[in-house]
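S.K.: Using only what follows, build the 3D model:
(one chain, ligands or ions: 2)
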Amino acid sequence: MKAAVLNSIPGHLEIEEVEIGSPGPREVLISTKAAGLCHSDLHFMEGKYPHPCPAVLGHESAGVVEAVGSMVQYVQPGDHVITCLSAFCGHCSQCTDGHLSLCENKGTELVRGKDEAPRLSRSGEPVNQFLHLSSFAEQMLIHEQALVKIDKDMPLDKAALIGCGVTTGLGAVFRTAQVSPGQTTAIIGCGGIGLSAVQGARIAGANKVIAIDMVESKLELAQAMGATHVINASETDAVEAVKELTGGGVHHSFEAVGAKTTAEQAFQMLRNGGQATVIGMIPVGTTVELHGVELLYEKKLTGSNMGSNQFRTDMPRFIDMYMSGRLKLDEMVSKTIALEDINEGFEDMKSGNVARSVIAF
Ligand SMILES: [Zn+2]
Ligand SMILES: [Zn+2]
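M.R.: Residues are numbered from 1 along each chain as shown. Ligands and ions are numbered 1, 2, ... in the order given. Next comes the predicted model:
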């Protein structure tokens, strides 16, 4: 099959022939139909996060089941699925406590062992699978607990977005922060994840949904997604502007950039008792600083991993929200591209002008 391979870090992706195995007892072979380009892929390509090479990147996808292993009962060939990097074992203490996205056995039970044939290979040499998925490829071979079965009426290119960005953004609002109706919110960064958080805040019934970015076109998109106010941080001090709009600070802020400054701003724009939720991937080795005295006012800073999801519950709900018109996904796809155009897709992302590029297979 054709796949986009990362051979060195930092580096570009190269379209190559990669061999894919056949399903083990609990594995599923999927024909990839759509894969979104997520900022996290770029973080790994740029070396802000470590990963062994060669690797097939991609982790936001939807497709159709081609074949299943001998023990798989949940899906069968022909089923439509969304993949999720939050593969869960179902029996560790995090899973049984309801925190599936924090599963402790991700790296052991849900991948193939060292003495087993690799899922992906090239001329007999193993190719690393990325985040249990490797979606930038014509096919995926994944653990059955890294996917959710979905309704066949759902368009697969929109479904793919739910595989990472949408679930991360909505989940941060619904599950991590648990925003209540009437509360005030601010979202820093209006890429795919930030726009999903904006939509989450609207759907949760927040009274103020303040979107912050430095690109005017993204702020316009945020308004279309439900932002009640926008702040262009290239012109204004975002913290001061949020405090002014809310009479002292927000109940909930969300950081969807992944940087020290914006994480600190998210904390600084809180009202007393407020909570800042950092969704973005802050580069390894970066520290975030805050004034200790602020803790006296019960302000909280927390992280959110993939929207604290329970994806087999959450993703079908998000599809219903899309089908009923409350969740906007069509507007989030700014470009549909071919696998061969993947590097240009990432260049577009770096320029900051697109919300989401999606590869159609
Ligand atoms: Zn992602
Ligand atoms: Zn687990």
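S.K.: How many neighbouring residues does Arg112 have?
M.R.: Arg112 has 17 neighbours, counted by other CB atoms under 10 Å. The C-beta positions use only the backbone N, C-alpha and C, and glycine is treated the same way.
S.K.: for the one 10 residues further on, same thing?
M.R.: The burial metric for Arg122, expressed as a neighbour count using other CB under 10 Å, is 17.
S.K.: and the closest residue to it other than its chain neighbours, how far is that from Thr261?
M.R.: In space, Arg122 comes closest to Val18 once its chain neighbours are excluded; the distance is 5.4 Å by CB to CB, 6 or more residues apart in numbering. Using CB to CB, to the nearest Å, Val18 is found at 39 Å from Thr261.
S.K.: which of those two has more neighbours?
M.R.: Ranked by neighbour count (other CB under 10 Å), Val18 and Thr261 place Val18 first, with 21 against 13.
S.K.: how close does that one sit to Gly124?
M.R.: Distance from Val18 to Gly124, by CB to CB: 12 Å.
S.K.: Ser8 too?
M.R.: Taken as CB to CB, the span from Ser8 to Gly124 is 20 Å.
S.K.: same deal with Ile82?
M.R.: With CB to CB as the criterion, Ile82 and Gly124 are 32 Å apart.
S.K.: ditto for Val65
M.R.: Here the distance between Val65 and Gly124 works out to 27 Å (CB to CB).
S.K.: Neighbour count: the two, which is higher?
M.R.: It is Val65, of Val65 and Gly124, that has more neighbours when counted by other CB under 10 Å, with 22 against 7.
S.K.: Show me what His80 bridges to in the sheet.
M.R.: His80 has these beta-bridge partners by DSSP bridges: Val64, Ile150.
S.K.: all numbers from here: first residue = 23
M.R.: All right, first residue 23 from here; so that's His102.
S.K.: Just to check, it is in contact with Ser83?
M.R.: No: in this structure His102 lies outside contact range of Ser83 using CB atoms under 8 Å: 11.8 Å.
S.K.: The two - which one has more neighbours?
M.R.: Ser83 (33 against 21).
S.K.: Identify the residue nearest the more buried one in space, chain neighbours excluded?
M.R.: Per CB to CB, 6+ apart, closest to Ser83 is Ser157, 3.6 Å.
S.K.: can you pull the contacts of the one you found?
M.R.: Thr54, Ala57, Leu79, Gly80, His81, Glu82, Ser83, Thr105, Gly185 (CB atoms under 8 Å, 6 or more residues apart in numbering).
S.K.: Next: Ala26.
M.R.: Leu35, Glu36, Ile37, Val78, Leu79, Gly80, Phe158, Ala159, Leu361, Ile364.
S.K.: Over to Met328?
M.R.: So Met328 contacts Cys106, Leu107, Ser108, Ser123, Cys186, Thr189, Thr190, Gly193 (CB under 8 Å, 6+ apart).
S.K.: From ligand 2, how far off is it?
M.R.: According to CB to the ion, to the nearest Å, Met328 stands 14 Å off from ligand 2.
S.K.: Could you do Val310 as well?
M.R.: Taking CB to the ion, one finds Val310 at 28 Å from ligand 2.
S.K.: again with Ala263
M.R.: For Ala263, the distance to ligand 2 - CB to the ion - is 42 Å.
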